[in-house]
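Novice: Whatever this is, show me its structure:
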Amino acid sequence: MHQEGCFLLPNAWDVGSARILEAAGFPAVATTSAGVAFSLGRPDHDFFSEQAPEGRVGRETMIRRVREIADEVAVPLSADLEDGYGEAPETVATTISMTLAAGAAGGNIEDFTGDRTRPLHDEELAADRIRAARAAVDTNGSPFVLVGRTDVLLVGGSLDEAVRRANAYLAAGADCAFVPGAADAATIGTLVRELDGPLNVVMGLTGGALSLDDLRALGVRRVTVGGSIARAMYGHLLRTARELADQGTFSYADAQIPQGELNRLFQSGT
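Specialist: Just a heads-up that it's a prediction; the model follows:
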């Protein structure tokens, strides 16, 4: 799927959400670290000044969720591995090995540190981290799409730096580059032209005007939706809670899926 064309890779956070996406006909599914964190009542990985390091979901918990999903879906699963759960390249390599053992067919490593004083890993170190991840994949020998993610645009950096970092990660062994924060046609078009490999963009953020057809025409290879499906679900849950608590009415139930339909979907495994 990364060789040609453009495909949508939706993001699940548990077995149920992954099974629904699979049943809708998607040929592959990804995880969302934000959605997994929210499902555990935890915040997503953020700057440590807003969220202490011990408040984030740890590697073992995240890999356990990846394994749960991979065991229950028949389509390939790509894992959101955040920053690899440690700065050292060796730590990132271990994370990739654990992800492969959990049954995932892909995963992304980002350069975001969580430290406001240095929000991104040094570029050379970030490339070394991707290089270590690539070596872990090659040693294992199983098919695995390694994605190098740079958060340059999310922390206020320039498009030139995003291009430079993404190309460095591709040169270090990433199969695909991911540049979150690129949401308009001009920025995405520049990335497609300047990158030496396939580009993943994330959609589903508030105000996004581009469609999948638009992104395909721009030359984007892969489209994910991050935590947006999970946030939409939790948005409905919050509105439901407020209706029940404030009004004592039950109109939220008008949008529910019938019990029998859900039972049939989850019993079939498709």
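Novice: only C-alpha atoms for contact and neighbour calcs from this point on.
Specialist: OK.
Novice: quick one, helices of this protein?
Specialist: Taking DSSP state H, the helices of the chain run over residues 15-23, 33-39, 59-72, 89-101, 123-140, 159-171, 185-194, 212-218, 228-242, 259-268.
Novice: Now mean pLDDT and mean neighbour count too, for those, in JSON lines please.
Specialist: Formatted as JSON lines, the helices of the chain follow (pLDDT from 0 to 100; neighbours: other CA atoms under 10 Å):
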{"stretch": "helix 15-23", "mean pLDDT": "97", "mean neighbour count": "19"}
{"stretch": "helix 33-39", "mean pLDDT": "97", "mean neighbour count": "21"}
{"stretch": "helix 59-72", "mean pLDDT": "98", "mean neighbour count": "19"}
{"stretch": "helix 89-101", "mean pLDDT": "98", "mean neighbour count": "21"}
{"stretch": "helix 123-140", "mean pLDDT": "98", "mean neighbour count": "20"}
{"stretch": "helix 159-171", "mean pLDDT": "98", "mean neighbour count": "21"}
{"stretch": "helix 185-194", "mean pLDDT": "97", "mean neighbour count": "16"}
{"stretch": "helix 212-218", "mean pLDDT": "97", "mean neighbour count": "15"}
{"stretch": "helix 228-242", "mean pLDDT": "97", "mean neighbour count": "15"}
{"stretch": "helix 259-268", "mean pLDDT": "89", "mean neighbour count": "11"}
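Novice: want to try a markdown table for those helices, with distance to Asp83 as columns?
Specialist: Formatted as a markdown table, the helices of the chain follow (distance: least, CA to CA, whole Å):
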| stretch | distance to Asp83 |
| --- | --- |
| helix 15-23 | 23 |
| helix 33-39 | 11 |
| helix 59-72 | 10 |
| helix 89-101 | 8 |
| helix 123-140 | 9 |
| helix 159-171 | 14 |
| helix 185-194 | 22 |
| helix 212-218 | 26 |
| helix 228-242 | 20 |
| helix 259-268 | 33 |
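Novice: Of the ones you listed, which is nearest Gly204?
Specialist: Within the helices of the chain, the stretch nearest Gly204 is helix 228-242; the backing value is 5.6 Å (CA to CA).
Novice: Pull the distance from that closest one to the chain's centre.
Specialist: What separates the centre of helix 228-242 from the centre of its chain is 19 Å, taken as CA atoms, centre = their mean, to the nearest Å.
Novice: Contacts for it, please.
Specialist: Residues from elsewhere that reach helix 228-242 (CA atoms under 8 Å, 6 or more residues apart in numbering): Asn11, Ala12, Trp13, Gly35, Gly204, Leu205, Tyr252.
Novice: Likewise for stretch 77-90?
Specialist: 28-33, 45, 58-59, 62, 66, 69-70, 91-92, 95-96, 99, 103-113, 125, 128-133, 145.
Novice: buried stuff in it?
Specialist: Neighbour-count burial for stretch 77-90 flags Leu77, Ser78, Ala79, Asp80, Leu81, Glu82, Asp83, Gly84, Tyr85, Pro89, Glu90 (criterion: 16 or more other CA atoms under 10 Å).
Novice: Relative to Asn11, how far out is the fifth one?
Specialist: The reference is to Leu81. According to CA to CA, to the nearest Å, Leu81 and Asn11 sit 13 Å apart.
Novice: what's the answer for the fourth one, then?
Specialist: When CA to CA is applied, the distance between Asp80 and Asn11 equals 9 Å.
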